[in-house]
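Trainee: Below are the sequence and a predicted model for it; my questions follow.
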Amino acid sequence: MSRWSNSWKKKNQTIGFVPTMGALHAGHASLIRRARKDNDKVVVSIFVNPAQFGPHEDFSRYPRPFDKDRALCAALGVDLLYHPTPEGIYPPGYRSFVNVEELSELWCGHFRPGHFRGVATVVLKLLQTISPERAYLGEKDYQQLTIIKKMVRDLNLPQRIIGCPTLREKDGLAMSSRNQYLSVSERRDAATLYRSLWEASEQIRKGSAISLALKDARKKILSVSNSRIDYIAAVDGLSLEEIKHPRLGARLLAAVWIGKTRLIDNIKLSRSLRK
Ligand code: AMP
């Protein structure tokens, strides 16, 4: 990988990088298209990173349709598909990890201890190996995007991290590789997550208190059968700390279980917020 990267750099060609875990969908494709537009060369990584899964999470059953992913990358004009093995990234005796403190402990970090340490570590390793000018991450994983931006700033990495908008299904459900775990009825119910977030953001925009809007959203989500809420909160867009009153750049973040599938989503609180 680094030999390819070096050979492009010698020719002054810029590299755009899209890290993924595969099972690619239109959301990933939108990141790849953006990288294609901005750079001479595009690298996509597919790596189901064991370090970011907890012991009882879905690492082994995470979908791995590699041939289909490779065909999509080829069709999108990806120059290099980087598909390392777990031992390639974490050889025996591997001991170095990156932890972005505080941000990694909030929200998903609370429910998935060690998750963001695994994410930050692998992204740092990939940035070191590929050495791109720009890396493209989705706002769909808003906490992850915030943590990677913070790591890049704190560690003086030369990369620009570019956040890209969330692609959604027609009913609003954020596209995700994990959506394929949902049964037909769960898939129908899953749209409630985005609808509730959107309705809460509208209520807040019209002047309703955050606490009231979130209470309504919770009720709507819990009316879905077999649903459970890990969290739903309004947060500052940079620190991710909970806020009680709307402010510029604020977001609503949520993680919800529908049956055995954990879904996350988030939405920006409108810019035209009243004081
Ligand atoms: P994943 O393969 O789920 O680890 O995601 C790889 C990258 O794609 C991450 O930066 C995600 O935030 C981004 N991504 C995932 N789903 C979407 C989506 N629906 N829209 C835009 N980007 C997404």
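Mentor: Okay, I see it.

Trainee: Going by C-alpha atoms from here, please, whenever you check contacts or count neighbours.
Mentor: OK.

Trainee: Break the protein down into its structural domains.
Mentor: Residue ranges for the domains of the chain, per automatic domain parsing: 2-164, 177-268.

Trainee: Any residue of the longest one touching the ligand?
Mentor: Meaning domain 2-164. Yes - Domain 2-164 reaches the ligand (Cα under 6 Å from any ligand atom) through 19-22, 27-28, 137-141.

Trainee: Buried only: go through those for me.
Mentor: 19-22, 27-28, 137-140 (16 or more other Cα atoms under 10 Å).

Trainee: In space, what's closest to His245 - neighbours in sequence excluded?
Mentor: Leaving aside its sequence neighbours, His245 sits nearest to Ile210 (Cα to Cα, 6 or more residues apart in numbering; 6.5 Å).

Trainee: Same question for Arg262.
Mentor: Excluding its sequence neighbours, the residue lying closest to Arg262 (Cα to Cα, 6+ apart) is Val256, at 5.7 Å.

Trainee: partners of the one helix or strand that neighbour maps to, with directions?
Mentor: If you go by DSSP states H and E, Val256 is part of strand 251-258. With DSSP bridges as the test, strand 251-258 is paired with strand 227-235 (antiparallel), strand 261-268 (antiparallel).

Trainee: next one: that strand to chain centre, how far?
Mentor: Remark: strand 251-258 is offset 13 Å from the chain centroid, using Cα atoms, centre = their mean, to the nearest Å.

Trainee: Spit out the contact partners of Pro158.
Mentor: By Cα atoms under 8 Å, 6 or more residues apart in numbering, the contact set of Pro158 is 133, 152.

Trainee: Would you map the helices across the stretch 51-200 of the chain?
Mentor: Secondary structure of the stretch 51-200 of the chain by DSSP state H, counting those that start in this stretch: the helices cover 66-75, 86-89, 108-111, 115-130, 142-154, 184-205.

Trainee: Could you take the ones you listed and lay them out as a markdown table, with extra columns for distance to Arg36, mean neighbour count and mean pLDDT?
Mentor: Converted to a markdown table, the helices of the stretch 51-200 of the chain look like this (distance: least, Cα to Cα, whole Å; neighbours: other Cα atoms under 10 Å; pLDDT from 0 to 100):
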| stretch | distance to Arg36 | mean neighbour count | mean pLDDT |
| --- | --- | --- | --- |
| helix 66-75 | 11 | 14 | 98 |
| helix 86-89 | 26 | 11 | 98 |
| helix 108-111 | 31 | 16 | 98 |
| helix 115-130 | 16 | 20 | 98 |
| helix 142-154 | 20 | 19 | 98 |
| helix 184-205 | 29 | 19 | 98 |
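
Trainee: Thanks a lot, see you next time.
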